[in-house]
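Participant: Mind folding the following:
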Amino acid sequence: METMDAILTRRSIRKYLPDPVKRDVIENVLKAGMNAPSAGDEQPWHFIAIDQHDLLEKISEVHPYAKMLKGTPAAVLVCVDQHAPKFNDFWIQDCSAASQNMLLAAHDLGLGAVWIGVYPVETMIQELRNLLNIPAHVAPFSIIAMGYPAEEKSGRMRYDTSRIHSNSW
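Facilitator: Numbers count the residues shown, from 1 in each chain. Presented below is the predicted three-dimensional model:
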């Protein structure tokens, strides 16, 4: 898939076929995440690949906007090692770039995916830390749910010239 095609046709998919996502496919999605840009090339991220149905269901119970995880074959929890960043607060952009790269890679690989926000909601951060034994210095940032799509959504053009300003507001 060409890059612009992937960007312009990717949509958030929340319904998945029950087919498992093979580990090598998840690994390719993770490679895309780890190849995102980061401030000072710090790469402050860690990822938890999750494909156990009972664990995905438990996450859906503690996260009010993650109900789709009950029927999701796989997910990746994007986390940040808060001891790592040289550039305080830029880890948010770093983990956002990694999350977006994974969404685009999933789309390119024929998967449907959706970004589920976690950070900065402290209750969700703590619930996920407890559930997944995440150390205190590591913060869950986002969940990328993925699977073979059981719904189809066409791309939609969001380009809006009224939002573009040249050289000043």
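Participant: Find the centremost residue of this structure, please.
Facilitator: For the chain, residue 144 is the residue whose C-alpha lies nearest the centre (C-alpha atoms, centre = their mean; 3.2 Å).
Participant: That residue belongs to a strand?
Facilitator: Yes - the assignment for residue 144 is a strand, going by DSSP: H, G, I helix; E, B strand; the rest coil.
Participant: Show the model's pLDDT score for it.
Facilitator: Note on residue 144: pLDDT of 98.
Participant: And it, how close does it get to residue 74?
Facilitator: 9 Å (C-beta to C-beta, to the nearest Å). For every residue, glycine as well, the C-beta is placed using N, CA and C.
Participant: Hmm, the residue nearest to the centre of the chain is touching residue 117, no?
Facilitator: No - using C-beta atoms under 8 Å, residue 144 is not in contact with residue 117, being 10.9 Å away.
Participant: Where does pLDDT dip in the protein?
Facilitator: Filtered on pLDDT under 70, the chain yields the residue ranges 85.
Participant: At which residues are the strands of it located?
Facilitator: With strands called from DSSP state E, the chain shows them at 45-50, 74-81, 112-117, 138-147.
Participant: Can you give the strand pairings for the last one, parallel or anti for each?
Facilitator: Next to strand 138-147 in the sheet, as set by DSSP bridges, lie strand 74-81 (antiparallel), strand 112-117 (antiparallel).
Participant: So which of these is nearest residue 137?
Facilitator: Among the strands paired with strand 138-147, strand 74-81 comes nearest to residue 137, with 6.5 Å by C-beta to C-beta.
Participant: which ones are touching the residue nearest to residue 18 when sequence neighbours are not counted?
Facilitator: In this structure, residue 18 finds its nearest non-sequential neighbour in residue 73, 6.9 Å apart by C-beta to C-beta, 6 or more residues apart in numbering. By C-beta atoms under 8 Å, 6 or more residues apart in numbering, the residues touching residue 73 are 16-21, 51, 146-148.
Participant: from those residues, which would you call buried?
Facilitator: Among the contacts of residue 73, those classed as buried by 16 or more other C-beta atoms under 10 Å are 16, 21, 51, 146-148.
Participant: circling back to that earlier point, pick the most buried one from the strands of the chain.
Facilitator: strand 138-147 (a mean of 25; mean count of other C-beta atoms under 10 Å).
Participant: Strand 45-50 and that one, what's the angle between them?
Facilitator: Going by axes from the mean of the first three to the mean of the last three C-alpha atoms, to 10 degrees, strand 138-147 is angled at 50 degrees with respect to strand 45-50.
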